[in-house]
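S.K.: coords please:
(chains A and B)
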Amino acid sequence: MNGTETAILAIESSCDETAAAVVVNGRTVLSNVISSQIDIHTLYGGVVPEIASRKHVERINQVIRQALAEAGRTLQDIDAVAVTYGPGLVGPLLIGVSAAKALSFATGLPLIGVHHIEGHICANYIAAPELEPPFGCLVVSGGHTHLVLVKDYGEYEILGKTQDDAAGEAFDKVAREIGLGYPGGPKIDRVSKEGDPQAIVFPRGKVAGSVYDFSFSGLKSSVLNYLNSCRMKGEEISVPDVAASFQQSVVDVLVSHAMTAVEEFGLTRLALAGGVASNSALRAAMQEACSEKNVQFFCPPPILCTDNAAMIGSAAYYEFIRGNVSGLDLNARPALRLGSR
Amino acid sequence: MFTDMKIFAIEASGPVAACALLDGETLVAEYSVQFQKKHSQSLVPMMAAVRDLVGLDLKEIDAIAITEGPGSFTGLRIGAATAKGLGLAIERPILPVPTVDAIACNMWGARGLVCPMMDARRQQVYTGIYRFPVGGGEQTAPTGGMEILYPQCVTDLEVILDKVMEIAAETGETEVTLLGDGVPVYGARAMEILDGKLTCRFAPPHMSRQRAAATAVRAAQIYAEQGASCLVPADDFRPVYLRLSQAEQEHSERRDYRI
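M.R.: Numbers count the residues shown, from 1 in each chain, chains lettered A, B, ... in the order given. Alright, predicted model coming up:
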């Protein structure tokens, strides 16, 4: 540790990106290396856990080495090793966790296990140096849809989450049905720009008895039903219209839930996080809703929205200064809950 | 004996999590646990315990030996990612050891043939056939006196046992020792098949599973035989699965069908 500087080497391998980064004091990114496997998984129409695990173990050292090199650091100028230990796919998680533990064992550096969603939220600290808790955060990705109250660094209250599919999962499934393929998020985003979001009215998913929980499986079924009925009637299907209308339905639900939280908790700051936070319609709608209510809106750039290790390095810093370090028996926890350790 | 190398061996390919330190001719330490499948939690703490007990400076290690596979896909990767992380930190290469060879090495000096079998699921075993020739099998021999008569592979029980009988006939051997975690699953069946043809024995518990000490010894033998060419940079090491992932297999079958 150089004066007040804490440099953390962070590793992320919870799904299909092998990533490593060096982050100083939770806010300054010295390097952020991401090795994506998307081309391989596209062949199978989605992430295949066994293939992802095999690729992670092949790439892990090169990615870590590159992160150190780009940061101009060696392990001697690092203060702690951080790693995502859940939630995620267990096989992929185990690669990062095992490598990080071996590094910690061999160097004596403290080990910090990080919650993946906490990482996504902390991507906002990197993108917006002025952002501090408390704030609301909507985390939307291929595996997660959480509306979270960030009470303080490392302190979270989950207001709501999806009861079935994650938002990004719904994008992938619908994209497959309308022939856009994998990954669905960016493809639907692109094609929606040529479609009419009001062309078809798909339902806005509600969860009985909960204003903050999400449900996207009904919406997905509704899109499938629409497509089937068009095919049966021999009607032409406008892919851009279906995509835009589906996307609008998802965006409406996400924005309205977030705005309900803004009202109830008197939030003055709202942040987006996760892979789906790169969706241009969602960003625009959130920005607009926030301006109307005079709420400051934060959204990281796409490179920090996708799975990356810089966000893990940021979250790790705040765990580290709170004294939260992990033992060498740290295990991958595929269903780890936010706020638990 | 083999070399003056200090070899740190890591084992996670099957039901055993283990590590060992071999310093030239001295097996300095071995820590072995066969209890549930908690390799991810137990492996690195075991390595730390060994290091601390013998005051090992990790920089003194010359090579990290590991059973490269086959084995449990997840176990192989826990071992591989651990070995690679260690190799990156201490800047040392990995010395990969074929898993089945390492298991066979447990039976050093056994009479007759040695046939390890690991349960590979889907009615198959990871297996191979070995022998420790009497007389010609001095420990100083480059191969450490272990003959690989049929290299490790994944196959049906019946296929490997046919091969055992064939090799027994060719070599004049009359006995075979079976070992490995495939024995509880396929041992009885193997006895039936070999009945009246070969004397069949099962290894006792201290010899019947992966042992990090045997992996370390086998690694030293490989190094003595092959020299530095057997060393793999930690960055480049990848496990040997002997099988595609199910998705890849189905994908290639579909493609074959279309053609």
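S.K.: same for the longest helix seen in chain B, what does it pack against?
M.R.: For chain B, the longest helix by residue count, based on DSSP state H, is helix B:73-90. Judged by 3 or more C-beta pairs under 8 Å, 6 or more residues apart in numbering or on different chains; DSSP states H and E, the packing partners of helix B:73-90 are helix A:49-71, helix A:90-107, strand B:6-11, helix B:39-54, strand B:63-69, strand B:94-98. All C-beta spots, glycine's among them, are computed from the backbone N, C-alpha and C.
S.K.: angle of it against helix A:49-71?
M.R.: Taking axes from the mean of the first three to the mean of the last three C-alpha atoms, to 10 degrees, one finds helix B:73-90 and helix A:49-71 inclined to each other by 10 degrees.
S.K.: Helix B:73-90 versus helix B:39-54: what angle between them?
M.R.: Orientation check (the same axes, to 10 degrees): helix B:73-90 against helix B:39-54 gives 40 degrees.
S.K.: Show me the strands in the stretch 101-250 of chain B, by range?
M.R.: Using DSSP state E, counting those that start in this stretch, the strands assigned to the stretch 101-250 of chain B run over residues B:113-119, B:124-131, B:147-156, B:175-179, B:199-202.
S.K.: Pick the most deeply packed of those.
M.R.: Per residue and on average, the most neighbours among those fall to strand B:113-119, with a mean of 27 (mean count of other C-beta atoms under 10 Å in any protein chain shown).
S.K.: Now do that strand: distance to the chain's middle.
M.R.: Once both centres are worked out by C-alpha atoms, centre = their mean, to the nearest Å, strand B:113-119 turns out to sit 10 Å from its chain's centre.
S.K.: Can you list the strands that it pairs with?
M.R.: strand B:124-131 (antiparallel), strand B:175-179 (parallel) (DSSP bridges).
S.K.: can you give me how far the longest helix of chain B is from the chain middle?
M.R.: Using C-alpha atoms, centre = their mean, the offset of helix B:73-90 from its chain centre is 16 Å.
S.K.: Which residue, other than its chain neighbours, is closest to the residue of chain A found nearest chain B?
M.R.: Proximity of chain A to chain B (C-beta to the nearest C-beta) peaks at A:A102, 2.9 Å away. Of all residues not flanking A:A102 in the chain, B:G85 sits nearest, at 2.9 Å (C-beta to C-beta, 6 or more residues apart in numbering or on different chains).
S.K.: Low-confidence ranges, chain A, go.
M.R.: For chain A, the stretches with pLDDT under 70 are A:1-3.
S.K.: want to throw the helices and strands packed on helix B:73-90 into CSV with mean neighbour count and distance to A:T162?
M.R.: Output for the helices and strands packed on helix B:73-90, formatted as CSV (neighbours: other C-beta atoms under 10 Å in any protein chain shown; distance: least, C-beta to C-beta, whole Å):
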stretch, mean neighbour count, distance to A:T162
helix A:49-71, 22, 20
helix A:90-107, 28, 20
strand B:6-11, 28, 40
helix B:39-54, 20, 28
strand B:63-69, 29, 38
strand B:94-98, 25, 42
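S.K.: I'd like the ones you listed as CSV, with distance to A:E130 appended.
M.R.: Compiled in CSV, those are given as follows (distance: least, C-beta to C-beta, whole Å):
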stretch, distance to A:E130
helix A:49-71, 24
helix A:90-107, 31
strand B:6-11, 46
helix B:39-54, 39
strand B:63-69, 46
strand B:94-98, 46
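S.K.: Mind checking these for the one nearest to B:E253?
M.R.: Among the helices and strands packed on helix B:73-90, helix A:49-71 comes nearest to B:E253, with 15.7 Å by C-beta to C-beta.
S.K.: For chain A, which residues are neighbours of chain B?
M.R.: Residues of chain A lying near chain B by C-beta under 8 Å from any C-beta of the partner chain: A:43-44, A:48, A:50-51, A:53-54, A:56-58, A:60-62, A:64-65, A:75, A:90-91, A:94-103, A:105-107, A:327-332.
S.K.: ok, 6 Å please
M.R.: Proximity of chain A to chain B, by C-beta under 6 Å from any C-beta of the partner chain, involves residues A:44, A:48, A:50-51, A:53, A:57-58, A:61-62, A:94-95, A:98-99, A:101-103, A:105-107, A:328-329, A:331.
S.K.: Which parts of the stretch 51-200 of chain A are strands?
M.R.: Using DSSP E, counting those that start in this stretch, the strands found in the stretch 51-200 of chain A span residues A:80-86, A:111-115, A:135-140, A:145-152, A:155-161.
S.K.: Comparing the ones you listed, which comes out most buried?
M.R.: Most buried of the strands of the stretch 51-200 of chain A, by mean neighbour count (mean count of other C-beta under 10 Å): strand A:80-86, with a mean of 29.
S.K.: got the angle for that strand vs helix A:90-107?
M.R.: Angle, strand A:80-86 to helix A:90-107, by the same axes, to 10 degrees: 160 degrees.
S.K.: Right, and chain A sits closest to which residue of chain B?
M.R.: The minimum distance from chain B to chain A, using C-beta to the nearest C-beta, falls at B:G85 (2.9 Å).
S.K.: what separates that residue from B:D235, distance-wise?
M.R.: For B:G85, the distance to B:D235 equals 11 Å [C-beta to C-beta, to the nearest Å].
S.K.: ok, these two, which is more surrounded?
M.R.: Using other C-beta atoms under 10 Å in any protein chain shown as the criterion, B:G85 and B:D235 rank with B:G85 on top: 30 against 18.
S.K.: so what's that one scoring on pLDDT?
M.R.: We have a pLDDT of 98 for B:G85.
S.K.: Report the contact partners of it.
M.R.: A:99, A:102-103 (C-beta atoms under 6 Å, 6 or more residues apart in numbering or on different chains).
S.K.: In terms of helices and strands, where is A:M232?
M.R.: Element membership for A:M232, per DSSP states H and E: helix A:217-233.
S.K.: what's the offset of that helix from the middle of its chain?
M.R.: Centroid separation for helix A:217-233 versus its chain: 28 Å, with C-alpha atoms, centre = their mean.
S.K.: helices or strands up against it?
M.R.: The contact analysis (3 or more C-beta pairs under 6 Å, 6 or more residues apart in numbering or on different chains; DSSP states H and E) places helix A:217-233 against helix A:167-177.
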